[in-house]
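In: Any chance you could fold what I've pasted below:
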Amino acid sequence: MTAIAIDCPKDSAPLRDWSAHLTTRTGYGFYVRPAQPGDEATLAGLFDHVSPDDLRFRFLSSTRKVGDTQLAALTHVDHQHAESFVAIDLPADRMIASAMLAADADMKTAEVAISIDSDYKNRGIGWVLLEHIARYARAHGVKMLQSIESRENHAAIELEREMGFTARPFPEDSTLVIVEATL
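Out: Sure thing, here's the model as predicted:
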């Protein structure tokens with residue numbers, strides 16, 4: 001497996017809450033921070049602006065609306081084995097993306113999932129968020145980063161491959177692939 005080429009700060013103390021101003025290769029800047037209890041309504045608004053296909057890819061189901069239970073899971077995390085980030089366009093005062101990381105009990109493997117507001121796609125947000133999450137995961141001892149993708153989600157699979165991830169069949173479902181990178 002190829003190791004993902006993302007630098008991790010030696011001392012993560014300055015980023016202890018992992019909030020940051022990030023800039024994409026296109027020059028688009030946004031703010032990212034851990035999700036908090038109380039973000040549920042804003043997250044619901046974000047998911048109202050995620051395309052039906054992207055919702056299906058994110059939740060691997062035919063959900064049309066993200067429910068209260070799912071929103072609570074994104075805003076009430078244990079911060080030890082899971083972290084949920086939100087991206088905000090500060091000038092527009094708008095939540096534009098959500099990224100979730102969930103690690104196994106021994107913190108060796110973690111799954112990542114990202115959703116982006118349809119109005120903000122193709123600006124490099126997914127790439128930069130994935131880099132941010134990989135830095136976070138590496139700083140917390142995660143060795144393998146994975147994403148379970150629908151075989152139809154070509155854009156996400158291609159982005160992940162460009163970042164050094166490799167794809168393999170998902171054992172229980174031929175419509176899915178596991179895309180993973182060694183950190």
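In: in this protein, which spans are helices?
Out: 40-47, 52-59, 68-75, 125-139, 154-162 (DSSP state H).
In: taking those together, which one is wrapped up most tightly?
Out: Stretch with highest mean neighbour count among these: helix 125-139 (a mean of 21; mean count of other Cβ atoms under 10 Å). Placement of C-beta: from N, CA and C, glycine included.
In: by contact count, what packs against that one?
Out: strand 20-23, strand 29-34, strand 82-89, strand 94-103, strand 109-116, strand 144-150, helix 154-162 (3 or more Cβ pairs under 8 Å, 6 or more residues apart in numbering; DSSP states H and E).
In: Nearest to Thr182, out of those?
Out: Nearest of those to Thr182, taken as Cβ to Cβ: strand 144-150 at 6.0 Å.
In: Just checking the distance from that closest one to the centre of its chain.
Out: 10 Å (Cα atoms, centre = their mean, to the nearest Å).
In: on contacts alone, who are the packing partners of that strand?
Out: Under the contact definition 3+ Cβ pairs under 8 Å, 6+ apart, strand 144-150 sits against helix 52-59, strand 109-116, helix 125-139, helix 154-162, strand 176-182.
In: and with 7 Å instead?
Out: Strand 144-150 sits against strand 109-116, helix 154-162, strand 176-182, with contacts defined as 3 or more Cβ pairs under 7 Å, 6 or more residues apart in numbering; DSSP states H and E.
In: Go through the last one and flag the buried ones.
Out: This means strand 176-182. For strand 176-182, the buried set under the neighbour-count rule, 16 or more other Cβ atoms under 10 Å, comprises Leu176, Val177, Ile178, Val179, Glu180, Ala181.
In: now those residues as a markdown table including distance to Lys108 and pLDDT?
Out: Output for the buried residues of strand 176-182, formatted as a markdown table (distance: Cβ to Cβ, whole Å; pLDDT from 0 to 100):
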| residue | distance to Lys108 | pLDDT |
| --- | --- | --- |
| Leu176 | 21 | 94 |
| Val177 | 21 | 94 |
| Ile178 | 15 | 94 |
| Val179 | 17 | 95 |
| Glu180 | 12 | 96 |
| Ala181 | 13 | 95 |
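In: what's the angle from the helix-or-strand element of the chain with minimal mean pLDDT to strand 109-116?
Out: In the chain, no helix or strand scores lower on mean pLDDT, DSSP states H and E than helix 52-59, which sits at a mean of 81. Relative orientation of helix 52-59 versus strand 109-116 (axes from the mean of the first three to the mean of the last three Cα atoms, to 10 degrees): 160 degrees.
In: Having no further points to raise, I will conclude here.
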